[in-house]
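Trainee: sharing a model that was predicted from the sequence below.
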2 protein chains.
Amino acid sequence: MTRLDLTGDLVELTRALCDLPSVSGDERAIADAIEQALRAYPHLEVLRDGDAVVARTSLGLPSRVVIAGHIDTVPIAGNLPTRLVDGELWGRGAVDMKAGVAVQLALAAVLDAPTRDVTWVFYDHEEVAADLNGLGRLVRTHPEWLACDFAVLGEPTAGGLEGGCNGTLRAEVRLTGVAAHSARAWMGVNAIHSAGEVLRRLEAYEPRTVHVDGLDYRESLNAVLVSGGTAANVIPDACVVTVNYRFAPSSSPEQAADHVRALFDGYDVVVTDSAPGARPGLDAPAAQEFAAAVLGITGGAPAPKFGWTDVARFSALGIPAVNFGPGDPLLAHKVDERCPVDQIHMAFRAQLAWLTA
Amino acid sequence: MTRLDLTGDLVELTRALCDLPSVSGDERAIADAIEQALRAYPHLEVLRDGDAVVARTSLGLPSRVVIAGHIDTVPIAGNLPTRLVDGELWGRGAVDMKAGVAVQLALAAVLDAPTRDVTWVFYDHEEVAADLNGLGRLVRTHPEWLACDFAVLGEPTAGGLEGGCNGTLRAEVRLTGVAAHSARAWMGVNAIHSAGEVLRRLEAYEPRTVHVDGLDYRESLNAVLVSGGTAANVIPDACVVTVNYRFAPSSSPEQAADHVRALFDGYDVVVTDSAPGARPGLDAPAAQEFAAAVLGITGGAPAPKFGWTDVARFSALGIPAVNFGPGDPLLAHKVDERCPVDQIHMAFRAQLAWLTA
């Protein structure tokens, strides 16, 4: 088994985590290594649930925070083992989110007397279908282990503080027509031509920017898939435009669905799935303490998170939660995924300052 | 082997041909039966080429005509064996085009002294990819057997006389964009949205009707397929609209391609395949003799054929050719394919009158 050194060099720890492949569904080895490393620290109580590992201090402090990160990655694309080049760590997972996991493990090891009780969560299956998500499973199987006043998700934010997240909704706009042989097209009604007006409305659509709890959430509404027609000599009787609406956390999924239906008034709109966003929660006292301590080290100001992340799972539990982690989120899932080592060290120092303040 | 009685009841002959399944690629048995039946007539010289059978008189007459029909059908859809109900023959192939084949076989048997030399062509693989077409193969392997002054294709025309055919062209209009995660849609360019203008132009397009050699050819230009997007959380960087242009036989495929490119000026247009139409050729003396004789029996007037048929293969050889056969073409390939027996008898009488005049 890979042995992880949690108190040695932080970049080497990040590399060790990256070089232990853990594509979603194959997290057993990395979970074993993390569990073994954490059990060496008597100040931590450790829980194993599937391939998730949870460790917590129990100092009886008046406040408890959860700091969570996922241990799986998207598939490797020839970008392992890691390479260290000009101050950047290259390789699958360097950004999303082994660097964040390394910071969390190093803090868990060193913080035997934090100023807040801390629950460290390392979970599986984040990069795949939502019903497999390890954090979601922990909410169902061990909700008491996730109880807290505030949560930090170590998703990449390039070392900035990103609050909440947009919600997401997918819907199908279904066009119908009448099939006919294309040699006698006038006997049919072309369903693909009918999609022209749907796409025109999307092209003319001006997405909103919505101010929520002090942050500006930029929305978007796009066709992501289109499919129509059965054969090259048949007037198509069906066409489906799939749209994805990313909506500000001040709207519920129901309100988002109404917004999409209103845009496509007169068309058959079927919502296929949706997930609520998460309000930034930066007005909560625990969040303000976190922001003050972290931004004192990193500088900058809180910003909104546009992508949906698991902070929404905490938000759904009534727990304010933010994203904070090393690595440029735009490089997540890319072949040239890479993380500046400075951001890894800064993320460590910032959270150390917070948890010892 | 099924034995065909070419001089008995014409409807029974049609049923025997239908009830001998011959879906494209499986024409051996029906070709064997046709070959055996024709070889019984000493006034016919018979050629077998693959599963095509050709028979001809050689009376040294000043004029020769080809009368051709395909012996394959589209797949059976539970609509065999045939049924005779209220004067209509129901079943796969009744329209497309075993009734026409039956008429040709009956005429071939009885006409030992026609007023024109006749070449009867029964060919395979009409309902599948053009490169398999049995008539096309005969043009390559035995061009001398297809030499003539005029050709009649027995495709269903409901007993009317349909001249020439529209050409057909397929092209892809390819839209490109820039991929991005749909949570940060503003970093991408949506290729599906770009297709909106393409579909708008198609919807606004007013197809022409073109007068060619006395007949009005109705054109059409339609999207037949559309496909775009890679995943429900990615701004699509590609979308393809496949269009099918059915153009009057006065235009060449090159002119048709120019017309499509002009409509989609500013877009990436790739022509994927095309086939020329066939001018009706009704001004040729042999065609006028045919029209006069046939319309004297059937009444009515020549009309254009909109769908592409193998008359275009004769047209490409410089041979005027028309479609004339029993059965409503709108019922071809349908589950409820059926042919009025009156049309079968009328098609026989009309061509008998022509070939004995």
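Mentor: Yes, it's here.
Trainee: quick check: closest non-adjacent residue to residue A:183.
Mentor: Nearest residue to residue A:183 in three dimensions, chain neighbours excluded: residue B:307, at 3.6 Å (C-beta to C-beta, 6 or more residues apart in numbering or on different chains). C-beta here means a position set from N, CA and C on the backbone, and glycine is covered the same way.
Trainee: could you verify that that neighbour is part of a helix?
Mentor: No - counting by DSSP: H, G, I helix; E, B strand; the rest coil, residue B:307 is not found in a helix; it is coil.
Trainee: next, count neighbours for it.
Mentor: Using other C-beta atoms under 10 Å in any protein chain shown, residue B:307 is surrounded by 18 other residues.
Trainee: wait, it touches residue B:166, no?
Mentor: Yes - assessed by C-beta atoms under 8 Å, residue B:307 is found in contact with residue B:166 at 7.2 Å.
Trainee: overlap of the contact sets of these two?
Mentor: The contact sets of residue B:307 and residue B:166 overlap at residue A:183 (C-beta atoms under 8 Å, 6 or more residues apart in numbering or on different chains).
Trainee: contact partners for the residue nearest to residue A:183?
Mentor: A:181, A:183-184, B:165-166, B:329.
Trainee: okay if I get those as TSV plus distance to residue A:73, neighbour count and pLDDT?
Mentor: Formatted as TSV, the contacts of residue B:307 follow (distance: C-beta to C-beta, whole Å; neighbours: other C-beta atoms under 10 Å in any protein chain shown; pLDDT from 0 to 100):
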residue	distance to residue A:73	neighbour count	pLDDT
A:181	50	19	87
A:183	52	21	88
A:184	54	17	89
B:165	58	32	88
B:166	55	30	92
B:329	59	24	91
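Trainee: excluding chain neighbours, what is closest to residue A:35?
Mentor: residue A:53 is the one closest to residue A:35 (C-beta to C-beta, 6+ apart), at 4.7 Å.
Trainee: with residue A:11 instead?
Mentor: Closest to residue A:11 by C-beta to C-beta, 6+ apart is residue A:341, at 5.0 Å.
Trainee: again, but for residue A:218
Mentor: Computed as C-beta to C-beta, 6+ apart, the closest residue to residue A:218 that is not its neighbour in sequence is residue A:209, at 5.0 Å.
Trainee: same check, this time on residue A:303
Mentor: In space, residue A:303 is closest to residue A:162, 5.3 Å off (C-beta to C-beta, 6+ apart).
Trainee: please, which helix or strand holds residue A:216?
Mentor: Taking DSSP states H and E as the criterion, residue A:216 maps to strand A:215-218.
Trainee: before we move on, what about residue A:314?
Mentor: Assessed by DSSP H and E, residue A:314 sits inside helix A:311-316.
Trainee: so chain A: which segments form each domain?
Mentor: Here chain A is described, according to automatic domain parsing, as comprising the domains A:10-165+A:278-356, A:167-275.
Trainee: could I get those domains as JSON lines with distance to residue B:141?
Mentor: What follows is these, written out as JSON lines (distance: least, C-beta to C-beta, whole Å):
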{"stretch": "domain A:10-165+A:278-356", "distance to residue B:141": "52"}
{"stretch": "domain A:167-275", "distance to residue B:141": "28"}
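Trainee: got a list of contacts for the strand holding residue A:216?
Mentor: So strand A:215-218 is in contact with A:163-164, A:166, A:207, A:209-211, A:248-250, A:277, A:280, A:282, A:302-304, A:306, B:186, going by C-beta under 8 Å, 6+ apart.
Trainee: alpha carbons of the helix ranked longest in chain A, in PDB - could you do that?
Mentor: Using DSSP state H, we find that the single longest helix of chain A is helix A:341-356. What follows is helix A:341-356, C-alpha atoms only, in PDB (Å, rounded to 0.1, in the frame of the first residue of the first chain):
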ATOM      1  CA  VAL A 341       2.800  25.000  -6.300                       C
ATOM      2  CA  ASP A 342       2.500  28.500  -4.800                       C
ATOM      3  CA  GLN A 343      -1.300  28.200  -4.700                       C
ATOM      4  CA  ILE A 344      -0.900  24.900  -2.800                       C
ATOM      5  CA  HIS A 345       1.200  26.400  -0.100                       C
ATOM      6  CA  MET A 346      -1.000  29.500   0.100                       C
ATOM      7  CA  ALA A 347      -4.100  27.400   0.500                       C
ATOM      8  CA  PHE A 348      -2.400  25.600   3.400                       C
ATOM      9  CA  ARG A 349      -1.300  28.800   5.100                       C
ATOM     10  CA  ALA A 350      -4.600  30.500   4.700                       C
ATOM     11  CA  GLN A 351      -6.600  27.700   6.300                       C
ATOM     12  CA  LEU A 352      -4.000  27.200   9.000                       C
ATOM     13  CA  ALA A 353      -4.400  30.800   9.900                       C
ATOM     14  CA  TRP A 354      -8.200  30.500  10.100                       C
ATOM     15  CA  LEU A 355      -8.200  27.300  12.100                       C
ATOM     16  CA  THR A 356      -5.600  28.600  14.600                       C
END
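Trainee: how far off centre is it?
Mentor: What separates the centre of helix A:341-356 from the centre of its chain is 20 Å, taken as C-alpha atoms, centre = their mean, to the nearest Å.
Trainee: and it, what's buried?
Mentor: Buried residues in helix A:341-356, counted by 16 or more other C-beta atoms under 10 Å in any protein chain shown: A:341, A:343-344, A:346-348, A:350-352, A:354-355.
Trainee: now distance to residue B:198 and pLDDT too, for these, in TSV please.
Mentor: Formatted as TSV, these follow (distance: C-beta to C-beta, whole Å; pLDDT from 0 to 100):
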residue	distance to residue B:198	pLDDT
A:341	48	98
A:343	44	97
A:344	47	97
A:346	49	96
A:347	47	97
A:348	52	97
A:350	50	96
A:351	51	96
A:352	56	97
A:354	54	96
A:355	57	97
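Trainee: just the closest of these to residue B:259, please.
Mentor: Nearest to residue B:259 out of the buried residues of helix A:341-356 is residue A:343 (C-beta to C-beta; 57.2 Å).
Trainee: residue A:319 and residue A:153 touch, don't they?
Mentor: No - contact criterion C-beta under 8 Å: residue A:319 and residue A:153 do not qualify, at 11.1 Å.
Trainee: these two: which is more packed in?
Mentor: Between residue A:319 and residue A:153, counted using other C-beta under 10 Å, residue A:153 has the larger neighbour count: 30 against 21.
Trainee: ok, the more buried one to residue A:222 distance?
Mentor: Distance, residue A:153 to residue A:222, using C-beta to C-beta, to the nearest Å: 25 Å.
Trainee: follow-up on the earlier one: give the pairing partners of the strand holding residue A:216; include direction for each.
Mentor: Partners of strand A:215-218 in the sheet, by DSSP bridges, are strand A:209-212 (antiparallel).
Trainee: circling back: could I get the buried residue list for the helix holding residue A:314?
Mentor: A:311-315.
Trainee: and the strands in the stretch 201-350 of chain A?
Mentor: A:209-212, A:215-218, A:220-228, A:234-235, A:238-247, A:268-275, A:303-304, A:321-324, A:338-340 (DSSP state E, counting those that start in this stretch).
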